[in-house]
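Engineer: Provided below for reference: sequence and predicted model.
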Amino acid sequence: MLSHLLAMGTSAQGPLADRYTNPIAEVFSAIATVAPQIRAGLPSRRRYLDVSNPSGETQLAADVFADELLCAAVGDVEGVGWYGSEERPSHIDVGPADLTVCVDPLDGSTNLKPNAAMGTVVSIYASPRCHAADLEAAGYVLYGPILTMVTAVDGEVTEWLLDGDEPVSPLREEISLPSEPLVYGFGGRVHDWTPSFTAYVRSIEHDSRLKLRYGGAMIGDVNQVLTYGGIFGYPMLVDAPRGKLRSVFEAIPVGAIIEAAGGRSSDGTRSLLRLQPDELHARTPVFVGDRGLVGALEAKLAEAGRQH
């Protein structure tokens, strides 16, 4: 399958080529090409392997499968020099350039067992140091009832349909968060939340506008926020003050997407687009969504910090 994918090439055509310049267009075209193959290969790759990824999580066969397909597709794009993956310990050299494509190949892969939503998260950096300031573009694929891709480039967010009559067609353009938030979802075990974050969640639970939406895959929950408005977060925990989500692979790209859609992102004190990860798999708390809700969260955490 990998050789077949490489033989297909990755030249951007159609609406992606019309919308974006290369190599950004070709990277997203490569992702759009391989996404249906990833989804088709999931049913037979639900087993766990006897290996862990660099974050210490046991890999599913599907994680490795998606990573290999993405590496082959992205590595074939002229102008991409480095490929980084949540499933690999370090970047790999794929060409004579600085442009770096980083992926979470299968975000929420544990949702394979209950057959729930999951996705692929993509971030394109100008440099392999992968600081937020280096971000050129971000996006994600959602493997849901329909196959879609969301891209954020030059401050504009677009949703693409990947399994319609055309290989790639725009579904929603110039996406912005709804002005009235409707949903919320927070990760981590409740008894591991800090007291200040718990107090904030209780205020959210008493907000009559909001209803809980939490599906166990970060990108599925972020897509809920992008669609309905609201807030998603994976906080700092009592035993994990840096949280669980990875800065390079998850926090920075979703922060860029939500901010481009008019929302706000935060690590609890500052925008995720100010992060400067000191290593590829660095972690950070993540909060994204409605500007007012994220601002209230920062205020609550700051108040708790002053009291201590």
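Structural biologist: Nice, I can see it.
Engineer: which other residues reach stretch 41-53?
Structural biologist: Contact partners of stretch 41-53, identified using Cβ atoms under 8 Å, 6 or more residues apart in numbering, comprise 58-66, 69, 86-88, 112-113, 143. Heads up, the C-betas are built off the backbone N, CA and C, glycines and all.
Engineer: and the closest residue to Ser176 other than its chain neighbours, helix, strand or coil?
Structural biologist: Sequence neighbours aside, Gly262 is the residue nearest to Ser176 in space, at 4.5 Å (criterion: Cβ to Cβ, 6 or more residues apart in numbering). With DSSP: H, G, I helix; E, B strand; the rest coil as the basis, Gly262 sits in coil.
Engineer: tell me the SS of Ile257?
Structural biologist: The three-state assignment at Ile257 reads helix, by three-state DSSP.
Engineer: name only those of the contacts of stretch 41-53 that count as buried.
Structural biologist: Buried by 16 or more other Cβ atoms under 10 Å: 59-66, 69, 86-88, 112, 143, out of the contacts of stretch 41-53.
Engineer: can you show me the strands along the stretch 51-200 of the chain?
Structural biologist: Counting by DSSP state E, counting those that start in this stretch, the stretch 51-200 of the chain has these strands, from start to end: 58-60, 82-85, 92-93, 100-107, 118-125, 135-143, 147-153, 156-161, 169-172, 183-186.
Engineer: can you confirm Arg45 is in a helix?
Structural biologist: No. Under three-state DSSP, Arg45 sits outside any helix and is assigned coil.
Engineer: okay, now it: neighbour count?
Structural biologist: Arg45: 18 surrounding residues under other Cβ atoms under 10 Å.
Engineer: do Ala296 as well
Structural biologist: Per other Cβ under 10 Å, the neighbour tally for Ala296 reads 16.
Engineer: per-residue pLDDT, it?
Structural biologist: Per-residue pLDDT puts Ala296 at 96.
Engineer: return the backbone torsion pair for the nearest residue to Gly289 once chain neighbours are set aside.
Structural biologist: The shortest distance from Gly289 to any residue other than its chain neighbours is 3.5 Å, reached at Ile231 (Cβ to Cβ, 6+ apart). In terms of degrees, to the nearest 10, the main-chain angles of Ile231 are phi -150, psi 140.
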